[in-house]
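J.: Below is the sequence, then the predicted model.
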Amino acid sequence: MNAFVSTTRSEPKQLRARMKRLALIDAAAAEFGERGYEHTTAKSIATRANVASGSFYQYFSNKDEVLRVVAERRFAQISDQLSVPQVDSPEELGSIDLRALFREALAYVYAFHASDRELHEVLEQRRCVDPALNALMHDREASLLAKVRRFVGLYGLPDPDAVAFCLHAMAEGLVHRHVFHPNSIDRDALLNHGAEMLAAYFERLIDSGEPR
């Protein structure tokens, strides 16, 4: 996993200061999403958060720093929602409703991206020119992939890293393609078929007795 070293200031201890910082983060996410990177400023963020402009610099050095915090929070939110089933023995794998599991995960990831399309695009654009943001996003993406790897590990496959990479890429690809590119495919149809296709691979393993 990439060893990202955060340069963001630590969170303040006093409740009032924490609430003000959180208001600035919320405002920054909304500003970047609605106005884009170029038109978002420390002043516009502070105004939206209903705090004095100078207060912004008590918590962040510039808008790039707060954008990294926004990215960090987004990854934390999605990681918290994606859990790996707990099983005590290989025999319990058959009791997992894989289609429901994948459907729920895809639905959450879809809604997550659809609700902040513009912000997602800002982050993808800025990571190309901000090495610190790119390192953070790469590290958090690696953490999500590691969670997929733990799920794949339940099935005792001989090449779990490759399977995890393919699984993650397929799920991410179908969500991104539908959210960010115009198409006529129904959302529910996409999620249902996507879940079926992802689950079919593991159901085949269970039926054939291949998991170790």
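T.: Yep, it's here. Numbers count the residues shown, from 1 in each chain.

J.: all helices in the protein, in order from the N-terminus.
T.: Using DSSP state H, the helices of the chain run over 15-39, 42-49, 53-59, 63-81, 98-115, 117-126, 131-153, 160-180, 187-208.

J.: the inter-axis angle of the first one versus helix 63-81?
T.: When you say that, I think you mean helix 15-39. Angle of helix 15-39 versus helix 63-81, following axes from the mean of the first three to the mean of the last three C-alpha atoms, to 10 degrees, is 110 degrees.

J.: name the helices or strands packed onto helix 15-39?
T.: Using 3 or more C-beta pairs under 8 Å, 6 or more residues apart in numbering; DSSP states H and E as the contact test, the elements touching helix 15-39 are helix 42-49, helix 53-59, helix 63-81, helix 117-126. To be clear about C-beta, it is placed using only N, CA and C from the backbone, and glycine gets the same treatment.

J.: Among those helices, show me which one is buried the most.
T.: Among these, helix 42-49 has the highest mean neighbour count (mean count of other C-beta atoms under 10 Å), at a mean of 20.

J.: For Ala52, grab phi and psi.
T.: phi -70, psi 150 (degrees, to the nearest 10).

J.: Residues in contact with the helix-or-strand element of the chain with minimal mean pLDDT: which ones?
T.: Ranked by mean pLDDT, DSSP states H and E, the helix or strand of the chain with the weakest confidence is helix 187-208, at a mean of 88. Outside helix 187-208, the residues that touch it by C-beta atoms under 8 Å, 6 or more residues apart in numbering are 93-94, 98-103, 106-107, 110, 155, 157, 167, 170-171, 174, 178, 210-211.

J.: how about it as CSV, C-alpha atoms only?
T.: C-alpha atoms of helix 187-208 as CSV (Å, rounded to 0.1, in the frame of the first residue of the first chain):
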residue,chain,number,x,y,z
ARG,A,187,-30.3,2.3,-13.3
ASP,A,188,-32.0,-0.6,-11.5
ALA,A,189,-31.4,-2.9,-14.5
LEU,A,190,-27.7,-1.9,-14.4
LEU,A,191,-27.4,-2.7,-10.7
ASN,A,192,-29.3,-5.9,-10.9
HIS,A,193,-27.4,-7.3,-13.9
GLY,A,194,-24.1,-6.0,-12.5
ALA,A,195,-24.7,-7.8,-9.2
GLU,A,196,-25.7,-11.0,-11.0
MET,A,197,-22.5,-11.0,-13.1
LEU,A,198,-20.2,-10.3,-10.2
ALA,A,199,-21.9,-12.9,-8.0
ALA,A,200,-21.9,-15.6,-10.8
TYR,A,201,-18.1,-16.0,-10.6
PHE,A,202,-18.2,-16.8,-6.9
GLU,A,203,-21.3,-18.9,-7.1
ARG,A,204,-19.5,-21.1,-9.7
LEU,A,205,-16.7,-21.6,-7.3
ILE,A,206,-19.0,-22.7,-4.5
ASP,A,207,-21.0,-25.0,-6.8
SER,A,208,-17.8,-26.6,-8.2
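
J.: shift numbering so it begins at 26
T.: With 26 as the first residue, the last one maps to helix 212-233.
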